[in-house]
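Participant: 3D, please:
(chains A and B)
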Amino acid sequence: MKRDYTIKHAGDCGVTVEFENIISECVNQQVIQLKIALEQAAIKGMGEMIPTYRALLIQYNPLMLPYKELETGIVKAMDCMEDVTSQSSKVYIIPVYYGEAYGPDLGTVAKHNGISEEEVIQIHTSRDYRIYMLGFTPGFPYLGGMDARIETPRLEKPRTKIDAGSVGIAGAQTGIYPIDSPGGWQIIGRTPLKLFDRDKPNPILLEAGAYIRFKPVGLKVYAAIAADVEKGTYVPETVLTKGEA
Amino acid sequence: MTKLKVVNPGMYSTIQDLGRKSYQQYGMPVAGSMDDYAHRVANLLVGNAAEATVIEQTALGGVYQFTEKAVISITGGDMMPKRNGEESLKMWRTLVMHPGDTLSFGAAQNGFRCYLAVAGGFDVPTVLKSKATYVRGGLGGFEGRILKKGDEIAIGASTFVPMDLAGRFVRVSKIPTYEEQVTLHVILGPQEDCFTRKGIADFFGNVYTVSGESDRMGYRLEGEKVAHVSSADIISDGIIRGAVQIPGHGNPIIMLSDCQTTGGYTKIAHVITSDLWKVAQLKAGNCIRFKAVDIETAHELLKEEANIYREIEAEFDQYRIEGYQALAEQMS
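Facilitator: Okay, here's the model as predicted:
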């Protein structure tokens, strides 16, 4: 398959490889696959990569790796990518307690869309969301494609503090707050999982290219998971699914 | 254990190394010293690894007290360092602090950020493979925050040989002068196509002023607005230090050490790595001109910078201040 991409400079220690200028799972999958191919190539002098919706930012040390060699490495990796087929993708199951104190805006979302709160939960949990990239704050997942039936504008007046783990809706987007932060999203529930835990060797729970599936839980289950998370014994539930790319 | 007591923290002082580079893909900013050159040279002087921790002070320096003897160096912007409130101390050389000595700094007379290194480095926990303070995230450095009165920072063990460190100094030719008007060399792109021809010409043809809303995250500039062809927004992509973003308002923002890792504004250019220290030493009201260079030139300049570090180390052995033997005795 001939791929359409361009390599551009992002300063003297970075390049960005850009794919088609749209938000799509297929384009994003190419970004992820290029990242994997470059990781496998282990080119000396290459630094950390930042995968985003449709571009891969690659940092490098020009004193160790001349630009031309990096470029050759990228082109080669691009050829190898066809071997890196993604047979399956990881889906993280995110337990959520919806409504009440943990989801103060669940009613607003229901009312705005003329449906019941139960329907909001049912729709919100009925599909897998792709993690296109992480950014904004450590561990924050930019998720794809929420059902239009629960789209709701942001709060007119943002809250000064939203608790870590809060699950929200902003327009056509859904997301989870990894750390306490101010924000204007409609908060519909909360997960006891920690998306960002600085005390862990791998502090970030999620990764770009994987998927999220929300699962409604009751207060008892929520509390039990929260206790295990606090003890550091909770292993996040994951399943594999056939990738749509 | 030798400690540095913070008597007065100054305006905004943090412990920094050269940054937390392994977690940008998860949204974690790099942090780290703003002026790499001053950071590295401060460490070379006291025999540390170049990336060892230092204290970065901004605009107005602090007052510190040493519990034990320590070998230090001070580089970067000139904050008029003094020993025990009276004796003026020279920068860009090794100094011996005695037990109970206070080290005080004033307002930056020249430049904006001043660096304090100590032989052995500041001993703070490693968080996510780095000791750099990321204040917004509350992690790294000393308790994840700016220094405050009463903090006691442990100084790491150092196995230096006094005769090696005594009398070391950086020759004048390698001490930067911090100008209030600088030319920053940039590599154009990657979103240069999003700007009108006039927009690009304005960016390179005008002088921009550093606004008061500038910090470790980014320097906001004011001046001739840079016009977009249509939209200032792109599908969010990765951001690294040095990126020059132009949001819808048309004023450039230079992204720096604490910048977020992704963003949705057009990037007209990137400041080359060997010019970033110049930005770190600018304060509100100072002026910037941008000048485009090609990638080959940028890489040549980076090589030159690497050579300067090698030369500085070689010169430590060639030149010493007079009477350094006596200083070595004080260090022992």
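
Participant: Which residue ranges make up each domain of the chain?
Facilitator: Just so you know, I chose chain A. Following automatic domain parsing, one gets these domains for chain A: A:6-83, A:88-242.

Participant: my bad, the chain I had in mind was chain B
Facilitator: B:3-177+B:313-331, B:181-293.

Participant: Including mean pLDDT, could these go into TSV?
Facilitator: Output for those, formatted as TSV (pLDDT from 0 to 100):
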stretch	mean pLDDT
domain B:3-177+B:313-331	96
domain B:181-293	96
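
Participant: Which of those domains sits closest to residue B:301?
Facilitator: With C-beta to C-beta as the criterion, residue B:301 lies closest to domain B:181-293 of the domains of chain B, at 4.5 Å. Heads up, the C-betas are built off the backbone N, CA and C, glycines and all.

Participant: what about the closest one and chain A, any contact?
Facilitator: Yes. Counting by C-beta under 8 Å from any C-beta of the partner chain, contacts between domain B:181-293 and chain A involve B:187-190, B:235-240, B:242-243, B:260-263, B:267, B:270-273.

Participant: So which residue of chain B lies furthest out from the middle?
Facilitator: Most distant from the centre of chain B: residue B:230, at 36.0 Å, with distances by C-alpha atoms, centre = their mean.

Participant: Does anything pack onto the biggest strand by length in chain A? Which helices or strands?
Facilitator: Once chain A is assigned using DSSP state E, the strand that runs over the most residues is strand A:88-98. Using 3 or more C-beta pairs under 8 Å, 6 or more residues apart in numbering or on different chains; DSSP states H and E, the elements in contact with strand A:88-98 are helix A:117-124, strand A:186-190, strand A:211-216, helix A:219-231, strand A:238-242.

Participant: and with 7 Å instead?
Facilitator: strand A:186-190, strand A:211-216, helix A:219-231, strand A:238-242 (3 or more C-beta pairs under 7 Å, 6 or more residues apart in numbering or on different chains; DSSP states H and E).

Participant: Looking at these, which one is packed in the most?
Facilitator: Highest mean neighbour count among the helices and strands packed on strand A:88-98 (mean count of other C-beta atoms under 10 Å in any protein chain shown): strand A:186-190, with a mean of 26.

Participant: Rounded mean pLDDT for that one, please.
Facilitator: Taken as a whole, strand A:186-190 has a mean pLDDT of 97.

Participant: Which residues outside it are in contact with it?
Facilitator: For strand A:186-190, the external contacting residues (C-beta atoms under 7 Å, 6 or more residues apart in numbering or on different chains) are A:96-99, A:102-106, A:108-109, A:120, A:124, A:152, A:155, A:162-163, A:165-169.

Participant: surely residue A:134 meets residue A:208?
Facilitator: Yes. Using C-beta atoms under 7 Å, residue A:134 makes contact with residue A:208 at a distance of 5.8 Å.

Participant: got the buried residues for the longest helix that chain A contains?
Facilitator: Longest helix of chain A, by residue count under DSSP state H: helix A:25-41. Neighbour-count burial for helix A:25-41 flags A:25, A:27-38 (criterion: 16 or more other C-beta atoms under 10 Å in any protein chain shown).

Participant: related to what we said a few turns ago, contacts only, for the nearest residue to the residue farthest from the centre of chain B once chain neighbours are set aside.
Facilitator: Residue nearest to residue B:230 in three dimensions, not counting chain neighbours: residue B:194, with 7.8 Å by C-beta to C-beta, 6 or more residues apart in numbering or on different chains. Counting by C-beta under 7 Å, 6+ apart, residue B:194 touches B:228, B:229, B:266.

Participant: ok, residue B:194 to residue B:34 distance?
Facilitator: As for residue B:194, its distance to residue B:34 is 28 Å (criterion: C-beta to C-beta, to the nearest Å).

Participant: One more: residue B:272?
Facilitator: To residue B:34, residue B:272 is 16 Å away according to C-beta to C-beta.

Participant: Which one of these two is surrounded by more residues?
Facilitator: residue B:34 (26 against 23; other C-beta atoms under 10 Å in any protein chain shown).

Participant: So the more buried one: helix, strand or coil?
Facilitator: coil (DSSP: H, G, I helix; E, B strand; the rest coil).

Participant: ok, for it, nearest residue in space, not its chain neighbours?
Facilitator: Leaving out its chain neighbours, the residue that sits closest to residue B:34 by C-beta to C-beta, 6+ apart is residue B:280, at 3.6 Å.

Participant: and that neighbour, what are its phi and psi?
Facilitator: phi -60, psi -30 (degrees, to the nearest 10).

Participant: Ignoring the adjacent residues along the chain, who's closest to the closest residue to chain A within the stretch 51-200 of chain B?
Facilitator: Per C-beta to the nearest C-beta, residue B:190 is where the stretch 51-200 of chain B lies closest to chain A, at 3.8 Å. Leaving aside its sequence neighbours, residue B:190 sits nearest to residue A:8 (C-beta to C-beta, 6+ apart; 3.8 Å).

Participant: Could you look up the SS state of residue A:72?
Facilitator: Following three-state DSSP, we place residue A:72 in the helix state.

Participant: Residue A:100: how many residues sit nearby?
Facilitator: Residue A:100, neighbours per other C-beta under 10 Å, totals 12.

Participant: what's near enough to touch it?
Facilitator: By C-beta under 7 Å, 6+ apart, no residues touch residue A:100.

Participant: and it, backbone torsions?
Facilitator: For residue A:100, the backbone dihedrals (degrees, to the nearest 10) come out as phi 50, psi -140.

Participant: quick one: low-confidence parts of chain A?
Facilitator: A:1-2, A:82-87, A:242-245 (pLDDT under 70).

Participant: Up against chain B, what does it have?
Facilitator: Residues of chain A lying close to chain B (C-beta under 7 Å from any C-beta of the partner chain) are A:8-14, A:16, A:21, A:23, A:47-55, A:57, A:59, A:62-63, A:67, A:133-140, A:198, A:203-204.
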